[in-house]
Structure formats: C-alpha cells, structure tokens
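**Student:** what shape does this take:
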Amino acid sequence: MRKLILGLAVTLDGYIEGPNGEYDWCFTDQDYGLNEFFTSIDAIFIGRKSYEIAQQHVDNNNGETIPGMPLMTEYVFSKTLKTVKETAMLIAEDSIAEARRIKEQPGKDIWLYGGAELSDALMKEGLVDELWLSVHPVVLGSGKPLFRGQNKTAKLTLLKSKTYETGLVSLWYAINK
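**Tutor:** Got it, this is the predicted structure:
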C-alpha cells in the first residue's frame, strides 16, 4: 500500500500560515529536499483552499506550482468546487473512502500537500503514514496551527533529520499505528 506523507513547512511555534493566511516566512533560497522527495511520489492530495492558492501561484509563475515539481496525479478534495483543471481529479463525495481507495492503488507514495482541514480529517482517520516537517526558525506568535483538534495521541518514530545552514530543520517521522 502507498504511504500518505503530510509534508509541509511549519514555524518553530507550530503554525503553517500566518494570521492573515501568509506564508512569506517560508524559505525559498534552495530546495530543502524537495527534488529528492519528488522522486518518491506520483500523486498529491490537496484541499480546496490550498488548491486555489496554488493555482494563483501557477498563474503568476509561468505555470509552475513548485520549482522542479514533475507532473503527477493531483486529487483535489472539495465539496464546493464544481470543476478543477484538466489534469486534476475532483474528489467531492466521501473523501475518506476515496483517500483509502487511492492509497490502495499501485504507485509511488502520495504527498498530502494541504490544507489544514484535509490534513486534520486524514490524520483523525489514521490515513497519514508519515510526517515530513520543514521547521523554519521563525516564531509567528499566531496563525493557523499545524494540528487542531486531534482526538487521540499519535506516537511517532523519527526516521531521519537534516539541519540546513539557514537553521531550517527537516524532520521525518513515521506515525506508529
């Protein structure tokens, strides 16, 4: 079965975006392991808000979502969107069952890109297998927290870590099931 990996940037105080939705605190001066990560995945799960933000970014950056990101199957989870771009698949009904079904299909691992509501729901259902947290040496003080309202303790096993000269620390954890 494919692994679902929640991979995202987080501040030292645990926020994934600032109080006004900003993410300008994210380091972009190098790839911080993304190119290597891209070789291990062939699909992405993304919620509506993150999808819309990503599409705005694409429109302003010559069609590129993230530098170096290859084409992959994109699953957009939304009950409100009616259409998505031609290369994406809209998951509008029974998102948990669909996520399980997709994980059971053959292929490489899946990147859970965001957003917070989708990540929370998949974490609560035990569908997330690994966490890849890029901890930025920034304290925001407020914003959207990484984890909200989890209903049980999740024990983790550190798989690897890497510290960059910028102070960013990349942490990989397996979620013990």
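**Student:** now the strands for the protein?
**Tutor:** Under the criterion DSSP state E, strands of the chain are mapped to 4-11, 15-17, 41-47, 73-77, 88-91, 109-114, 130-136, 144-145, 156-163, 169-175.
**Student:** in the protein, what secondary structure element scores lowest on mean pLDDT?
**Tutor:** helix 48-60 (a mean of 80; mean pLDDT, DSSP states H and E).
**Student:** who are the packing partners of it?
**Tutor:** Packing partners of helix 48-60 (3 or more CB pairs under 8 Å, 6 or more residues apart in numbering; DSSP states H and E): strand 73-77, strand 109-114. In this view, the C-beta of every residue, glycine as well, is placed from N, C-alpha and C.
**Student:** how about it: buried residues?
**Tutor:** Within helix 48-60, the residues that count as buried by 16 or more other CB atoms under 10 Å are 48, 49, 50, 51, 53, 54.
**Student:** the fourth one against residue 76, yeah?
**Tutor:** Yes - if you go by CB atoms under 8 Å, residue 51 and residue 76 touch, sitting 4.8 Å apart.
**Student:** need the residues touching each of these two.
**Tutor:** Common contact partners of residue 51 and residue 76 (CB atoms under 8 Å, 6 or more residues apart in numbering): 84, 88.
**Student:** pLDDT weak spots in this structure?
**Tutor:** Scanning the chain for pLDDT under 70 picks out 57, 61-65, 67.
**Student:** which residues touch stretch 13-26?
**Tutor:** Residues outside stretch 13-26 that contact it (CB under 8 Å, 6+ apart) are 8-11, 114, 116, 136, 138-147.
**Student:** show me how to select, in ChimeraX, the buried members of these.
**Tutor:** Here is the ChimeraX command that selects the buried residues among the contacts of stretch 13-26 (16+ other CB under 10 Å):
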select :8,9,10,11,114,116,136,138,140,143,144,146
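**Student:** spatially nearest residue to the residue nearest to the spatial centre of the chain, not counting backbone neighbours?
**Tutor:** Taking CA atoms, centre = their mean, the centroid of the chain lies closest to residue 113, which sits 2.1 Å from it. Closest residue to residue 113 apart from its sequence neighbours, by CB to CB, 6 or more residues apart in numbering: residue 46 at 4.7 Å.
**Student:** quick one: that neighbour from residue 166, how far?
**Tutor:** Residue 46 is 26 Å from residue 166, where distance means CB to CB, to the nearest Å.
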